[in-house]
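Colleague: I'd like to go over a predicted model; first the sequence, then the structure.
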Amino acid sequence: PKYVYEFAEGSKDQKDLLGGKGANLAEMTNLGLPVPPGFTITTEACRYFLANDAMPDGIDAEVDAKLGALERAMGKRLGQPDDPLLVSVRSGAKFSMPGMMETVLNIGLNDTSVHGLAAQSGDERFAWDSYRRLIQMFGKTVQGIGGDLFDDAFDEVKRQKGVTDDLDLDASDHRKLVELFKRIVAEHTGREFPSDPREQMDLAVRAVFGSWTAPRAVLYRRRERIPVDLGTAVNVCAMVFGNMGMDSGTGVAFTRDPASGRQGVYGDYLQNAQGEDVVAGIRNTVPLAEMQRLDPAGYDELLTIMETLENHYRDLCDIEFTVERGKLWMLQTRVGKRTAAAAFRIADQLVDQGMITLDEAVSRVTGDQLAQLMFPRFAEDAQGHLLGAGMNASPGAAVGTAVFDSETAVARARSGEDVILCRRETDPDDLEGMLSAAGILTNRGGKTSHAAVVARGMGKTCVCGAEELEIDTKNRRLAAPGGEVVEEGDVVSIDGTSGRVYLGEVPVVASPVVRYFEGEIDPAADDTDDLVRAVDRIMRHADSARRLRVRANADNADDAGRARRMGAEGVGLCRTEHMFLGDRRRLVERLVLAETDTEQQEALDRLLPPQRADFHEALAAMDGLPMTVRLLDPPLHEFLPDITELSVRVALAEERGETPEEDRRLLKAVNKLHEQNPMLGLRGVRLGLVVPGLFTLQVRAIAEAAAQLLGEGRNPRPEIMIPLVGTVQELEIVREESTRVLREVGAEYGVELDFPVGTMIELPRAALTAGQIAESAEFFSFGTNDLTQTVWGFSRDDVEASFFSAYLEKGVFGVSPFESLDTEGVGRLIDTAVEEGRATRPDIKLGVCGEHGGDPDSVHFFHRAGLDYVSCSPFRVPVARLEAGRAAA
Ligand code: PEP
Ligand code: MG
């Protein structure tokens, strides 16, 4: 293969091979922009080098040829004694990894050519300063010498001279530094600093390749989910100098504001300086607009180039440039990173300007960006008293009084107070408290702990795993490492974007994007922010483009209502477990304790009216749209008292000489129902089959609520869903019973109740036998939470806190499979089930209701897999709509 490309030989579409920087330098060269000549050594050479610890055969000759061309173009040779060509050797991977890899500048200088540079530039100081910089950078990056050795020597020279500013050092000082630095190199490497320019260059190229695996680069890739095996390209480019006097300078520029997206001239400029000076913050830059005064011709040329680049890339570009003695040079460009708000505004503007189509606009923004825009945030200039920090589990900002249990959260919230629910960790019983809270703070568990997942789902701010904050729920207080103590009722502020926790109130602002989705802002109104208008336009287009329907997971009327406002086209999962909690627990206990059919029926009869009322409300909120109601799923013990607490209660009562008959019976039952692996035990359809009357009760409650609504002239569309089915036989039994109840209730009310009955596919066996199961199921809904759990054998409640951080660190996977669908494993089962299900029943309706339904990457998979809809929490609905649109556009 060809390993070395002249800039003019490449194009912007070759980022895989030439890296981002190389590809864009090539593109600019071919656009006729003033790019210093140079060449790129490919990522393929890097991969070879990393695998073999040697450069590929034949590459030397290629480099010779390209270097020769470069020398001819510049009219001088690398390191030529009387007039040296100097080059930079820069890393440049496919994805930008700012500052993570190495760069060496000023290659070609040595004890002889430094004089040539001085003579040619007429600037002794500049020449020796450049040489000094070369030895320093080369020593650090190529020879692995600690940077502080050079820094210390540098400071020492300044101290001796009695100056603090680098600019106060003259030629002889830099000359002295060159000697000192060379001595450091000799001492640490056992040999002299290499004076052969070509050797300098070759070593620098290897060092840049090697920096791909530097620890910080590895870490960065892991965090940014950049594949480990891409490698970096190396760009060898003729040096141009921004530090050759006041008619020279260096700067960065953006064709639009990357923060707001607004049009204008943005950037910074620094006279008489090199790029590193700007990065190091040694001297203060001036706003780019100032350059117009300092260097009008250069400024005009720059603006023209920026326009050319924008029109060519049809997007925001960022640029690095240098002016050498009045001549402008482009050192880099790329499609620039931007904030979420800027992404939407720019996409919208570019459509207006006729540069991109609406399809492209949809592809220019992401669901993650949209999600970011939906969280409330602290005002930018806000400051607060920091208590400590945890993980930024669910972004946004929340302020409220600290409460330490769910009941208090609910009670205080009911009286109009904003509360922050502080728990060691949350469990399903905390749901009501979480729903009532403005924010959630835990000191245990990771980003995928219960609190985090639920909070993200609800669009609620959450900081989790704040281990340094001691949360003492018993005494209702929180102790910070600084000694501060927060008691119940004290105000705290939590920042789910940064993970920080503050004492007292930090002011927040509501997201206009959510207010728009909620219907509170009219996008067409004159005073509406252009961000809201951009979101509206892009969402409309995404909706028109997408094939996937989007439903919401909503358990009650409130959530269903919100989901609808957010654009949900139905409810894909109404979990019914909350209908057995609270006051109703007593009835569940009676059901479990019942010794006779009559006792049992009595308990069921008492559960019926409140459940019917719940369904009536929820179905009314989703009137006209489908609502998949899942029959009871969790293990029964979740509804019964805690085994330890109950044992203690019984023991204490007995000690007091009482005979706690009821509790004894309950304890016996709880003991009997106790399981080692409850998630693999008596739950879902198994519960329905062994606890007589339970599912019948639920179906009856649904049927009666629907019948009532029909009587009221409404259009309820429940779908009955059976969880945790592993074989068609299980489903068959429940389905027959369900249709019987529907018929029976229909007859009682004089209406026809013909609602679909289907199943979740959340066990591998269900996916593998989907063809049989489809005989009995009118729809499938993939429960990817349990399916992931069972396919991987990962306890979804434990693994994230126990060892996922180690797995992520070791790169076993880049992202938790509970967060983003494992397409290779779990996805394959889904593909199988889709195919077999459709083969049996061509019109079977297919959806997904696990957490993955709202995850951008997973949505793209579900689109490809041919599902009919995804279902996710109400706040994720716009995200799923957008991603479904992007998948189809
Ligand atoms: C699932 O398993 O994916 C699912 C939606 O059900 P739950 O999370 O309630 O187990
Ligand atoms: Mg499940």
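Modeller: Done, it's in. Ligands and ions are numbered 1, 2, ... in the order given.

Colleague: What's the first helix or strand after the helix or strand bottoming out on mean pLDDT in the chain?
Modeller: Lowest by mean pLDDT, DSSP states H and E among the helices and strands of the chain is helix 275-280, with a mean of 62. Per DSSP states H and E, the first helix or strand lying C-terminal to helix 275-280 is strand 286-287.

Colleague: Work out the gap between that next one and the centre of the chain.
Modeller: 33 Å (CA atoms, centre = their mean, to the nearest Å).

Colleague: Leaving aside the residues adjacent along the chain, what's closest to Glu730?
Modeller: Leaving aside its sequence neighbours, Glu730 sits nearest to Val685 (CB to CB, 6 or more residues apart in numbering; 4.7 Å). The way it works is simple: take the backbone N, C-alpha and C, and place the C-beta from them, glycine included.

Colleague: residues in contact with that neighbour?
Modeller: Contact partners of Val685, counting by CB atoms under 8 Å, 6 or more residues apart in numbering, are 631, 722-726, 730-731, 734.

Colleague: can you rerun that using 7 Å?
Modeller: 722-725, 730, 734 (CB atoms under 7 Å, 6 or more residues apart in numbering).

Colleague: Now, of the residues you listed, which are buried?
Modeller: 722-725, 730, 734 (16 or more other CB atoms under 10 Å).

Colleague: So which of these are in strands?
Modeller: If you go by DSSP state E, the buried ones among the contacts of Val685 have Ile722 in strands.

Colleague: could you dump the buried ones among the contacts of Val685 to JSON lines with distance to ligand 2 and pLDDT?
Modeller: Shown next, in JSON lines, are these (distance: CB to the ion, whole Å; pLDDT from 0 to 100):
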{"residue": "Ile722", "distance to ligand 2": "11", "pLDDT": "98"}
{"residue": "Pro723", "distance to ligand 2": "6", "pLDDT": "98"}
{"residue": "Leu724", "distance to ligand 2": "7", "pLDDT": "97"}
{"residue": "Val725", "distance to ligand 2": "11", "pLDDT": "98"}
{"residue": "Glu730", "distance to ligand 2": "15", "pLDDT": "98"}
{"residue": "Val734", "distance to ligand 2": "16", "pLDDT": "97"}
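
Colleague: Please tabulate the buried ones among the contacts of Val685 in JSON lines, including the columns distance to ligand 1.
Modeller: What follows is the buried ones among the contacts of Val685, written out as JSON lines (distance: CB to the nearest ligand atom, whole Å):
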{"residue": "Ile722", "distance to ligand 1": "12"}
{"residue": "Pro723", "distance to ligand 1": "7"}
{"residue": "Leu724", "distance to ligand 1": "8"}
{"residue": "Val725", "distance to ligand 1": "12"}
{"residue": "Glu730", "distance to ligand 1": "16"}
{"residue": "Val734", "distance to ligand 1": "17"}
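
Colleague: Contacts for the single longest helix found in the chain, please.
Modeller: The longest helix of the chain (DSSP state H) is helix 597-621. Here helix 597-621 makes contact (CB under 7 Å, 6+ apart) with 556-557, 560-561, 574, 579, 584, 587, 590-591, 594, 627, 692-693, 697-698, 700-702, 704-706, 708-709, 714, 716, 718.

Colleague: For the residues you listed, which ChimeraX command selects only the ones that are buried?
Modeller: In ChimeraX syntax, the buried subset of the contacts of helix 597-621 is picked out as below (16+ other CB under 10 Å):
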select :556,557,560,561,574,579,584,587,590,591,594,627,693,697,698,700,701,702,704,705,706,708,709,716,718
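
Colleague: Quick check: which ranges of the stretch 601-750 of the chain have low pLDDT?
Modeller: Along the stretch 601-750 of the chain, no part satisfies pLDDT under 70.

Colleague: Show me where it has its strands.
Modeller: 626-630, 717-722 (DSSP state E, counting those that start in this stretch).

Colleague: how about those in JSON lines, adding distance to Leu17?
Modeller: Converted to JSON lines, the strands of the stretch 601-750 of the chain look like this (distance: least, CB to CB, whole Å):
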{"stretch": "strand 626-630", "distance to Leu17": "48"}
{"stretch": "strand 717-722", "distance to Leu17": "49"}
